[in-house]
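**Student:** Take a look and give me a structure for this.
(2 chains)
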Amino acid sequence: KNQVEQSPQSLIILEGKNCTLQCNYTVSPFSNLRWYKQDTGRGPVSLTIMTFSENTKSNGRYTATLDADTKQSSLHITASQLSDSASYICVVSDVTIKAAGNKLTFGGGTRVLVKP
Amino acid sequence: KAGVTQTPRYLIKTRGQQVTLSCSPISGHRSVSWYQQTPGQGLQFLFEYFSETQRNKGNFPGRFSGRQFSNSRSEMNVSTLELGDSALYLCASRGQGRYEQYFGPGTRLTVT
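**Tutor:** Alright, predicted model coming up:
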């Protein structure tokens, strides 16, 4: 069964500090891995999308890494800001874009709280 | 470009009733997917539509159904509502040949 596990479930960090979120998956065949940021009561917003051949991708202060061999990904937040307080969701797709459908497996998310 | 819009944003229904939610994708996007999000189960895939055809379906009972119109707008219907159907329902649209999905703000459904 395809699964995506995220850790930690939640974390509190001080404004200006860095943090790293983890995502382990057992999705096969692997197509791509995405990180989303979701503010409370809103829809998720895409941060990065990585395919098999990509090891790292950045979006401002967010940097995602992917190790397809160990099936692990991380999301690093640099110099956190209060606006980074949100849930971060790791999502893995097991079909290619050309195939029928769009099969995604979602992680449970990591809730980040940035304190001043 | 306008983003994905969902209506209504909030809804309160009674057990046993039915409900229809609406989603308008980003202009030019022909793929629309629906998701249910609850605190206990997280995000779960309901179904995906492309060019008015259901292309993929998650593991939800038949009470959950959807459709897509020729202008790519999509509706989701839940019949015989149960308390457990209380959730945030999200739709997302995607451009052809693209991985990127754009989510709407969601419809918060409360079943009492």
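**Student:** which residues in the chain form strands?
**Tutor:** Since no chain was named, I'll use chain A. Applying DSSP state E to chain A gives strands spanning A:4-7, A:10-14, A:19-25, A:32-38, A:45-51, A:56-59, A:62-67, A:72-77, A:86-93, A:104-106, A:110-115.
**Student:** Actually, chain B is the one I wanted.
**Tutor:** So, for chain B - with DSSP E - the strands run B:5-7, B:10-13, B:19-24, B:31-38, B:42-50, B:53-57, B:64-68, B:74-78, B:87-94, B:101-103, B:107-111.
**Student:** Any idea how many residues pack against A:Gln81?
**Tutor:** 13 (other Cβ atoms under 10 Å in any protein chain shown). C-beta coordinates here come from the backbone N, C-alpha and C atoms, glycine included.
**Student:** now do the one 3 residues further on
**Tutor:** Other residues within reach of A:Asp84 by the criterion other Cβ under 10 Å amount to 19.
**Student:** re the thing from before, what would the strands of chain A look like in CSV with mean pLDDT?
**Tutor:** Formatted as CSV, the strands of chain A follow (pLDDT from 0 to 100):
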stretch, mean pLDDT
strand A:4-7, 96
strand A:10-14, 97
strand A:19-25, 97
strand A:32-38, 95
strand A:45-51, 93
strand A:56-59, 96
strand A:62-67, 97
strand A:72-77, 98
strand A:86-93, 95
strand A:104-106, 87
strand A:110-115, 97
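**Student:** out of the ones you listed, nearest to chain B?
**Tutor:** strand A:104-106 (4.2 Å; Cβ to the nearest Cβ).
**Student:** what lines up beside that closest one in the sheet?
**Tutor:** strand A:86-93 (antiparallel) (DSSP bridges).
**Student:** thinking B:Met83 is in contact with B:Lys13, fair?
**Tutor:** Actually, residue B:83 is Leu rather than Met. No: assessed by Cβ atoms under 8 Å, B:Leu83 is found out of contact with B:Lys13, at 10.5 Å.
**Student:** Need the overlap of contacts for the two.
**Tutor:** Taking Cβ atoms under 8 Å, 6 or more residues apart in numbering or on different chains as the criterion, B:Leu83 and B:Lys13 both touch B:Val111, B:Thr112.
**Student:** Would you mind telling me which of those two has more residues around it?
**Tutor:** B:Lys13 (16 against 9).
**Student:** Do you know the pLDDT at the more buried one?
**Tutor:** Here, the pLDDT recorded for B:Lys13 equals 97.
**Student:** tell me the contacts of the nearest residue to B:Arg108 once chain neighbours are set aside?
**Tutor:** In this structure, B:Arg108 finds its nearest non-sequential neighbour in B:Tyr10, 4.9 Å apart by Cβ to Cβ, 6 or more residues apart in numbering or on different chains. Applying Cβ under 8 Å, 6+ apart, one finds that B:Tyr10 lies in contact with B:Thr107, B:Arg108, B:Thr110.
**Student:** go again using 10 Å as the cut-off
**Tutor:** Residues near B:Tyr10 by Cβ atoms under 10 Å, 6 or more residues apart in numbering or on different chains: B:Gly106, B:Thr107, B:Arg108, B:Leu109, B:Thr110.
**Student:** Check A:Tyr36 too.
**Tutor:** With Cβ under 10 Å, 6+ apart, A:Tyr36 has these contacts: A:43-49, A:75, A:86-91, A:106-107, A:109, B:43, B:101, B:103.
**Student:** repeat that for 8 Å
**Tutor:** A:Pro44, A:Val45, A:Ser46, A:Leu47, A:Tyr88, A:Ile89, A:Val91, B:Phe103.
**Student:** What is the burial count for the last one?
**Tutor:** Think B:Phe103. The burial count for B:Phe103: 22, using other Cβ under 10 Å.
**Student:** Perfect, that will be all.
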